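Participant: Build me a model from this:
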Amino acid sequence: IDGAEASALTYSIVETAKANGVDVYYYLKYLLMKCPTSLTSDEDLEKLCPWNPECKEALDELHRQHQNAIFDAL
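Facilitator: Presented below is the predicted three-dimensional model:
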């Protein structure tokens, strides 16, 4: 994959996240955490899509953990 393809793929992921109302930062973080271990089937890939309720729940949990970490650091 060359630079242009990588940029287009990243742009597509970001815009898909935005279109589905999820926070791009947490979505990219979630993908980077899950992709190395979750790409064994089409069903697993579907769980990573930003429109999937399971994904949205995981993103909400990541956000809560981040907020708690910030609060605990104060």
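Participant: Just want the most central residue of this protein.
Facilitator: Against the mean C-alpha coordinate of the chain, by Cα atoms, centre = their mean, the closest residue is Tyr27 at 2.3 Å.
Participant: Find the residue closest to that residue in space, skipping its chain neighbours.
Facilitator: The shortest distance from Tyr27 to any non-neighbouring residue, by Cβ to Cβ, 6 or more residues apart in numbering, is to Ala17 (4.3 Å). Placement of C-beta: from N, CA and C, glycine included.
Participant: thinking again about what came up before, could I get the contacting residues of the residue nearest to the centre of the chain?
Facilitator: 13, 17, 50, 55, 59 (Cβ atoms under 8 Å, 6 or more residues apart in numbering).
Participant: what's the closest of those residues to Ser7?
Facilitator: Ile13 (10.9 Å; Cβ to Cβ).
Participant: The closest one is in what secondary structure piece?
Facilitator: According to DSSP states H and E, Ile13 maps onto helix 3-19.
Participant: for that helix, packing partners?
Facilitator: Packing partners of helix 3-19 (3 or more Cβ pairs under 8 Å, 6 or more residues apart in numbering; DSSP states H and E): helix 24-38.
Participant: Contacts for the helix or strand that comes right after the helix it packs on, please.
Facilitator: For helix 24-38, the following helix or strand on the C-terminal side (DSSP H and E) is helix 42-47. Residues from elsewhere that reach helix 42-47 (Cβ under 8 Å, 6+ apart): 38-39, 52, 54-55.
Participant: Could you list the buried residues of the helix or strand just after helix 42-47?
Facilitator: The helix or strand immediately downstream of helix 42-47 is helix 53-73, counting by DSSP H and E. Neighbour counts over helix 53-73 (16 or more other Cβ atoms under 10 Å) mark 55-56, 58-59, 62 as buried.
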